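Colleague: Below: sequence and its predicted model.
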Amino acid sequence: MTSMGKVKKERINWKEIKKQKVLLLLSAGYVIYGFIFCYLPLAGWLMAFENYKPKAGFFHSEFIGLAKFRQLFLDDGFIRVIRNTLAMGVINLVTTMVAAIIFAILINEVKSQGGKKVVQTISYLPHFLSWIIVTGILHDALSGTGIVNDLLVRFHLLKEPLNFFAYPKYFWWIVAFANVWKETGWNAIIYLASITAIDTSLYEAAAIDGAGRWARIKYITLPGIRPTIIILLLMNAGNVLNAGFEVQYLLGNGLVQSVSQTIDIYVLKWGISQGDYSLGTAAGIFKSVVSISIILIANEMARRAGEERLF
């Protein structure tokens, strides 16, 4: 007998390993893949502490310590890149999550099964389009002769067509709109699955008590999917600095360069285009360290919030 509050730990033995051998063999493939493609490349971080020259290699390049990191943080351009990446990352995180939650709730409220399946299928399609196609559509829609300018002029909201890609103040929101349009349907799948797991008797009891549709959403649906929202928020928090590369690179131009450059573009510019592999690697390490820190902070905040609800 175990004491109250304690969980009996099962010892792992060869008998248990033999029972789970199929799962272990399948898992081994993923472990090997992760080791080769995720952990072995970390040896390349050594370049950030050297004046790396491809000809000399890792072991014969000059060791310079943290000089490249000091160069990064003394560069006003890199500070601006951090601002752009964080801003677009946070905007994308908030808008895509909120849009996916709202869309999932709206889909769940559709009574016609046929109509629901049609809307879901259509909403998934943009996810499978490449960013080349998406940015091309955006360029056409927001161009001087595009449908957006045409509607704004027709409804007298603008006197003449506006070049949206010439004004830095619009760029972050254009990127956010592109992410919402492309990923909302796909991101809503997991929220829909979470909603379907809610006990339907709760809705029936609420309806008998006179609760309207909004009240059922507020007091049953949203609390029911709260754990899913928290888990996805924690998982996506670490991707805040992964604000994007393709969409900013493809939509950016000289007029909006001050707000369109991200850390990934900075790494491409210096690490590959300029041949400064050490500086590009240092920027990549900074991004990884900040991402891990954000995940740890978000996880701690979620843990404390859970403890407060319990007590």
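Modeller: Yep, it's here. Numbers count the residues shown, from 1 in each chain.
Colleague: Run a quick neighbour tally on Gly238.
Modeller: Neighbour count for Gly238, taken as other CB atoms under 10 Å: 18. Placement of C-beta: from N, CA and C, glycine included.
Colleague: swap in Gly29?
Modeller: Other residues near Gly29 come to 9 when the count uses other CB under 10 Å.
Colleague: Over to the one 3 residues further on?
Modeller: Other residues within reach of Ile32, judged by other CB under 10 Å, total 10.
Colleague: Can you read off the pLDDT for it?
Modeller: On pLDDT, Ile32 comes in at 93.
Colleague: got it, and the one 4 residues further on?
Modeller: Per-residue confidence at Ile36 stands at 92 (pLDDT).
Colleague: That one: neighbour count?
Modeller: 10.
Colleague: Assign a three-state SS to it, would you?
Modeller: When classified by DSSP: H, G, I helix; E, B strand; the rest coil, Ile36 comes out as helix.
Colleague: so how far is Arg216 from the spatially closest residue to Arg213 that is not a sequence neighbour?
Modeller: Using CB to CB, 6 or more residues apart in numbering and skipping the chain neighbours, the partner closest in space to Arg213 is Glu109 (6.8 Å). Between Glu109 and Arg216 the distance, using CB to CB, to the nearest Å, works out to 9 Å.
Colleague: picking that back up, relative to Arg226, how far out is the residue nearest to Arg213?
Modeller: 18 Å.
Colleague: same check, this time on Ser273
Modeller: 45 Å.
Colleague: where along the stretch 1-150 of the chain do the helices fall?
Modeller: For the stretch 1-150 of the chain, the helices defined by DSSP state H, counting those that start in this stretch occupy 14-19, 21-34, 67-73, 76-109, 113-124, 131-142, 147-154.
Colleague: buried residues in the fourth one?
Modeller: So that's helix 76-109. The neighbour-count check on helix 76-109 (16 or more other CB atoms under 10 Å) flags 78, 81-82, 84-89, 91-93, 95-97, 99-101, 103-105, 107-108 as buried.
Colleague: From the contact counts, what lies against that helix?
Modeller: helix 113-124, helix 168-196, helix 226-237, helix 257-260, helix 263-267 (3 or more CB pairs under 8 Å, 6 or more residues apart in numbering; DSSP states H and E).
Colleague: tell me the mean pLDDT over the second one?
Modeller: Mean per-residue pLDDT for helix 168-196: 92.
Colleague: could you check the angle helix 76-109 makes with it?
Modeller: Counting by axes from the mean of the first three to the mean of the last three CA atoms, to 10 degrees, helix 168-196 lies at 40 degrees to helix 76-109.
Colleague: Please pull up the helix or strand immediately following helix 168-196.
Modeller: The helix or strand immediately downstream of helix 168-196 is helix 200-208, counting by DSSP states H and E.
Colleague: what does stretch 178-186 rub up against?
Modeller: Residues from elsewhere that reach stretch 178-186 (CB atoms under 8 Å, 6 or more residues apart in numbering): 92, 95-96, 99-100, 103, 120, 122-127, 129, 134-135, 138, 244, 247, 251.
Colleague: May I see the buried residues of it?
Modeller: For stretch 178-186, by 16+ other CB under 10 Å, it's Ala178, Asn179, Val180, Trp181, Lys182, Glu183, Thr184, Gly185, Trp186.
Colleague: can you put those residues in JSON lines and add distance to Arg154?
Modeller: Formatted as JSON lines, the buried residues of stretch 178-186 follow (distance: CB to CB, whole Å):
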{"residue": "Ala178", "distance to Arg154": "24"}
{"residue": "Asn179", "distance to Arg154": "28"}
{"residue": "Val180", "distance to Arg154": "25"}
{"residue": "Trp181", "distance to Arg154": "22"}
{"residue": "Lys182", "distance to Arg154": "27"}
{"residue": "Glu183", "distance to Arg154": "30"}
{"residue": "Thr184", "distance to Arg154": "27"}
{"residue": "Gly185", "distance to Arg154": "29"}
{"residue": "Trp186", "distance to Arg154": "33"}
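Colleague: Relative to Arg70, which of these is nearest.
Modeller: Within the set of the buried residues of stretch 178-186, Asn179 lies nearest Arg70; the separation is 34.0 Å, counting by CB to CB.
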